[in-house]
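1. I would like the atomic coordinates for the input below:
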Amino acid sequence: MIQCKAAVSDGKGSFSIQNITVADPQGDEVLIEIKAAGVCHTDWDSQSWGKPLVMGHEGAGIVKKVGTRVKSLQIGDKVMLNWAIPCYECFQCQEGNQHICERNSAVTAGNNVSEGHATLDSTQYNGVPIERAFSLGTMSEHTLVREAACVKMHVEMPFSSAAIVGCGVMTGYGSVVNAAKVKAGTSVVVLGTGGVGLNVIQGARISGAGKIIAIDVNPLRLEMAKEYGATHTLLAEKTDKGLLNAAKIVKTMTDRRGADYAFECTAIPELGAAPLAMVRNAGMAVQVSGIEQEIMMDMNLFEWDKIYINPLYGKTRPQIDFPILQDLYAKGDLILDKMVTRTYPLGDLAQAFADMHAGKNAKGVIVF
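-> Next up, the predicted model:
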């Protein structure tokens, strides 16, 4: 058992840096020394999930110990972590939908603790078992995870860059490549150019999209979008309800027809239907940001033959997609280092959250 520092939420809207204890790995478990952890809006939200948690669900680090059933990893391996942990055996995993595993998914499974999973008392705070966010808890100097949560790093990259792959990068890129299957030469609209939106833009560029239109209310973010592949930018007005006025402008930019694809990356419920207004007849609208609130939709926006999809986490198959992303990074096609706008020590997590809310960073990362 090892003692280390971690960001611990109280479940009531706040967090503090505390000492926790992490047990040695058993079975298919792996002890990871975390080197970097991404800072995400989901981490901010996790403070209010009604129970104490070790925070963090994006991370990368080094394998320090392995359980007796671990086959693919050795001590010293560098790994990036994946929060949608597949079991490879349930109906959805067998269908190729490893991101919505029926046994382990922290999002779709009723109980994300299955046989072989890190035991409930493996991580403790003040002598009491504490859960780790998404079964990872990456905002900690050490964490205990399943072997299936780890993807070995086979190219050289900073841990800070590797850490962000396991959420925003995979969600944005995968929504384009795996879910929408954007074709070369097509037109793409991206609503919201935060961390996820920038990776949608990257995915569209890598897919060969001919026109990539970035829309945001923040002019600084639009300038950033150009660096990642946006060919056109559109500064939206906060008073533009449903971005319907912006949609009219988009149509003038796409032969008065509308774009082939539009991706919503704002996480603003009122904009959940906005991508439908941006696409042509028989075009595809993709809700990327994970809106879960009830929203009203004008069914006229679906006319005619438009498709609206709501993929989770870019439909990732981690052992397939993460190595592809590593190769794209090594080739220079996938921008990661520049995306890490600023790094912080764990003690400055409050500042990292403040900078995130202020829109100062493409991505902030905690570095241990």
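2. any low-confidence regions in the stretch 51-200 of the chain?
-> 108-121 (pLDDT under 70).
3. show me where it has helices.
-> 91-94, 159-163, 168-174, 195-206 (DSSP state H, counting those that start in this stretch).
4. end-to-end on stretch 207-221?
-> Its first and final residues considered, stretch 207-221 spans 22 Å by CA to CA, to the nearest Å.
5. of the helices of the stretch 51-200 of the chain, which is nearest Gln351?
-> helix 159-163 (16.2 Å; CB to CB). To be clear about C-beta, it is placed using only N, CA and C from the backbone, and glycine gets the same treatment.
6. send me the closest one as PDB with only the CA atoms.
-> Below are the C-alpha coordinates for helix 159-163, written out as PDB (Å, rounded to 0.1, in the frame of the first residue of the first chain):
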ATOM      1  CA  PHE A 159       3.100  12.900 -20.700                       C
ATOM      2  CA  SER A 160       1.100  16.100 -20.700                       C
ATOM      3  CA  SER A 161       0.200  15.500 -24.300                       C
ATOM      4  CA  ALA A 162      -0.500  11.800 -23.800                       C
ATOM      5  CA  ALA A 163      -2.800  12.700 -20.900                       C
END
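7. which phi and psi values does Ile366 adopt?
-> phi -80, psi 130 (degrees, to the nearest 10).
8. got a list of what the closest residue to Thr231 other than its chain neighbours touches?
-> Excluding its sequence neighbours, the residue lying closest to Thr231 (CB to CB, 6 or more residues apart in numbering) is Ile212, at 5.0 Å. Residues in contact with Ile212, defined by CB atoms under 8 Å, 6 or more residues apart in numbering, are Ser187, Val188, Val190, Ile201, Ala204, Arg205, Gly229, Ala230, Thr231, His232.
9. rerun that using 7 Å as the cut-off
-> Ile212 sits next to Val188, Val190, Ile201, Ala204, Arg205, Gly229, Ala230, Thr231 when contact means CB atoms under 7 Å, 6 or more residues apart in numbering.
10. which residues touch stretch 3-23?
-> 1-2, 31, 46-56, 122-125, 130, 137, 139-144, 346-347, 349.
11. hmm, Gln202 is touching Tyr173, no?
-> Yes. Using CB atoms under 7 Å, Gln202 is in contact with Tyr173, at 6.2 Å.
12. which residues touch Arg342?
-> Arg342 touches Asp355, Asn361, Gly364, counting by CB under 7 Å, 6+ apart.
13. output the contacting helices and strands for the longest strand seen in the chain.
-> Selection of the longest strand in the chain by residue count, based on DSSP state E, yields strand 29-39. Applying 3 or more CB pairs under 7 Å, 6 or more residues apart in numbering; DSSP states H and E, one finds that strand 29-39 contacts strand 60-66, strand 142-146, helix 159-163, helix 349-357, strand 363-367.
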